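Asks: Turn this into a model:
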Amino acid sequence: MMQVDPFGFFFTLTFTLGACLGGAWWCLRGWSQARHLLDTPTSKIRSAAQGYVELYGVLEALPDMQLRGPLTGKPCLWWRFRIEEYRSSGKKRSWRVIESGASDAWLRLVDGTGECLIDPRGAEIRAAVRDVWEGNLRHPLGPAKTGLFGFLTSGQRYRYSEERFHVGQPLYAIGDFRTRGAAQQGFDRHAAQGEVIREWKGDYVGLLRRFDSDGNGELDEQEWNRVRLAAQLEAEDRHRQKASEPARHQMAKPGERQPFVLSNSGEDELARSFYWQAAGGAVLCLVGALATAWLLGVQHW
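Replies: Numbering: from 1, shown residues only. Got it, this is the predicted structure:
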C-alpha cells in the first residue's frame, strides 16, 4: 500500500467532499429558484392573490424620500456599496473588503393597476446600475488627505463599488404579497367583539362607570349583556372605518424557503442566470465526487 500522509489525506478528502456537497447544494438551489420564477405567473397588483406572487412594474419615489448613494452622492431609491483595500505582502496580493452596506428604505412599485410597497430586507437584489472605480481615499466623498499623513498614505489603493435603483427603472419582484386593510380581510365579529371587551377591561373602573347601573361595584348578567352589545357595535364601527381606507399592498421576504428576488432584469434573464448557477454547481459536485473517489482509491491501493 502506498504511504500517504494521514493529515494531508484527510485534509484533501474533507476539501473534495465539501466541494461535492457544496456543488450539489448550489445546483439544487439554482434549479429551485429558476423553477419558482418560471412556475409563478405574473400578477397585477390590483387583482393579485395573497401569498407568493410575481409582479412587474416601474419604480417610483415615495413622498419626501431623499436617498443618495453613500459613495457617489447620486440620488436613488436604493443602494448597496462595498469598499475594498488593496493588500500586498511579498508575493501575496489581494483586495480585502473593509466596509460594505445596503439601504433598507422601502421601494414603491407601480404597474398601472395599483402600487405595492416593497421591504427589500432579505432579498436577492440585482441592480442594472453598478459603478466600480478606484482611488486613494478610504471613502471617495471624504476629505482629501494633506500634509505628512497624506504623504504617508498616498500609496494606498481602494476599490469602490456601488449599485443603485433609480426612478423610472423597470422592476421584477417575486415574494410574499399582502394587502392590509379590513376591506380585504374577513371580519370575525366574535373575535373583534372580544378584543374590544379586553381593551375595556384594562380600565375596569371606567367599565363600571359606564355599565354598572345599580352602583354595587359589580356587573351582573344583564349589565354584561349590555357590555357585549356595546362592544359589538364598537367593533362594527371600527371595521367600517378601516374598510373605508384605501388598500395598502406590501411585499416582503417569504417565510418559507422561496426565493425573494428584486431585479431590473426580466424573468427569463433571471431564470437563465439561475440555470447557469445550477450547471456550475453540478460541475463542481461532479469534480468533487471524482476527486473523492480517486483519493479513496489511492488510499486503498
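
Asks: least trustworthy helix or strand in this protein by mean pLDDT?
Replies: helix 147-152 (a mean of 47; mean pLDDT, DSSP states H and E).

Asks: Where does pLDDT dip in the stretch 101-250 of the chain?
Replies: Residue ranges of the stretch 101-250 of the chain with pLDDT under 70: 142-155, 181-186, 243-245.

Asks: Just the strands from it, written as ranges.
Replies: Along the stretch 101-250 of the chain, the segments classed as strands by DSSP state E, counting those that start in this stretch run 107-110, 115-118, 124-126, 129-135, 158-165, 170-180, 248-252.

Asks: Dump these to TSV, plus distance to residue 89 and mean neighbour count.
Replies: Where you see a C-beta, it was placed from the backbone N, CA and C, and this is true even at glycine. Shown next, in TSV, are the strands of the stretch 101-250 of the chain (distance: least, CB to CB, whole Å; neighbours: other CB atoms under 10 Å):
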stretch	distance to residue 89	mean neighbour count
strand 107-110	42	20
strand 115-118	44	20
strand 124-126	34	15
strand 129-135	19	13
strand 158-165	17	20
strand 170-180	43	20
strand 248-252	44	19
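
Asks: And those strands: which comes nearest residue 49?
Replies: strand 170-180 (7.6 Å; CB to CB).

Asks: angle of the closest one against strand 158-165?
Replies: Calculated by axes from the mean of the first three to the mean of the last three CA atoms, to 10 degrees, strand 170-180 forms an angle of 60 degrees with strand 158-165.

Asks: mind checking how far residue 54 is from residue 284?
Replies: Note on residue 54: its distance to residue 284, by CB to CB, to the nearest Å, is 29 Å.

Asks: Residue 62 now?
Replies: 42 Å.

Asks: for residue 134, what are its contacts?
Replies: Residues near residue 134 by CB atoms under 8 Å, 6 or more residues apart in numbering: 157-160.

Asks: which one of these is nearest residue 217?
Replies: residue 160 (71.8 Å).

Asks: could you give me the average pLDDT of the helix or strand where residue 276 lies?
Replies: For residue 276, the host element (DSSP states H and E) is helix 267-300. Helix 267-300 shows a mean pLDDT of 68.

Asks: that older thread, what about the strands of the stretch 101-250 of the chain, which gets the closest to residue 99?
Replies: Nearest to residue 99, of those and by CB to CB, is strand 158-165 at 9.6 Å.

Asks: counting contacts, what elements does the closest one pack onto?
Replies: If you count contacts as 3 or more CB pairs under 8 Å, 6 or more residues apart in numbering; DSSP states H and E, strand 158-165 packs onto strand 78-89, strand 129-135.

Asks: Could you tell me which strands sit next to the last one in the sheet, and their orientation?
Replies: What it means is strand 129-135. strand 158-165 (antiparallel) (DSSP bridges).

Asks: report the angle between the axes of the partner strand and strand 78-89?
Replies: 160 degrees.

Asks: Run the chain-centre distance for strand 158-165.
Replies: Here strand 158-165 is found 19 Å from its chain centre; the criterion is CA atoms, centre = their mean, to the nearest Å.

Asks: domains of this structure?
Replies: Annotated domains of the chain cover 21-181+249-289, 186-243 [automatic domain parsing].

Asks: would you list those domains in a markdown table and tack on distance to residue 14?
Replies: Listed next are the domains of the chain as a markdown table, based on distance: least, CB to CB, whole Å:
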| stretch | distance to residue 14 |
| --- | --- |
| domain 21-181+249-289 | 11 |
| domain 186-243 | 54 |
